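[1] following is a predicted model, sequence given first.
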Amino acid sequence: MALVGTPAAAFIRPPQVARTLAFEHLHTGERLVAPYLIRGRLDADGLGRLDYILRDWRTGEVVRIDRRLYALLDALRQRLRTDAPFQIISGYRAPKTNAMLRAASSGVAKRSYHTRAMAIDIVVPNRATEQVRDAALALRRGGVGYYPSSGFVHVDVGPVRRW
């Protein structure tokens, strides 16, 4: 059924010029808004800045974050209908850091996706933790861990699973 008098241009969506992510690191106080994709191409400068803010803040080690994680976070942001920065609890973790955290808590996985640069623990301002969990689960793009007593959600780009 065609809509009479409606210009065809109304149905054509121009490609988004830039896909950006905003972060606030709760341990370092750093804030960042940077593109990861511009006109359909990965943006090396923006990705480098994003990789840096997700570094292991304890050791200073910076690694290449799995690019699928940025796409997942962008989809999550859109699903939650927010432009608020993701508040970072934990991004990349060096194996040494993960071992230290594991020794202090039974809730840290030995082969954590954080050590593979494929995971992030986040808080989304103005969204309940269960809203963030439900939105992440609906995307079905990886693992989703729900930590209501700590007030954050873990998302990763490993196999689809939940805990």
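    Here it is on my side, so go on.
[2] host element of the residue nearest in space to the middle of the chain?
    Central residue of the chain (CA atoms, centre = their mean): Leu73, 3.6 Å from the mean position. Assessed by DSSP states H and E, Leu73 sits inside helix 67-80.
[3] you'd agree Asn98 is up against Ser105?
    No. Judged on CB atoms under 8 Å, Asn98 makes no contact with Ser105 at a distance of 10.8 Å. For the C-beta atoms, the positions are set from N, CA and C on the backbone; glycine is no exception.
[4] who has more neighbours, these two?
    Higher neighbour count among Asn98 and Ser105: Asn98, with 20 against 8, using other CB atoms under 10 Å.
[5] and the lowest-mean-pLDDT helix or strand in the chain, what's buried?
    The helix or strand of the chain with the lowest confidence, counting by mean pLDDT, DSSP states H and E, is helix 95-104 at a mean of 93. Residues Thr97, Asn98, Leu101 are the ones in helix 95-104 that count as buried (16 or more other CB atoms under 10 Å).
[6] with respect to Arg140, which of those residues is nearest?
    Arg140 lies nearest to Asn98 out of the buried residues of helix 95-104, by CB to CB, at 26.0 Å.
[7] give the contact list for that closest one.
    Contact analysis of Asn98 by CB atoms under 8 Å, 6 or more residues apart in numbering lists Val108, Lys110, Ser112, His114, Thr115.
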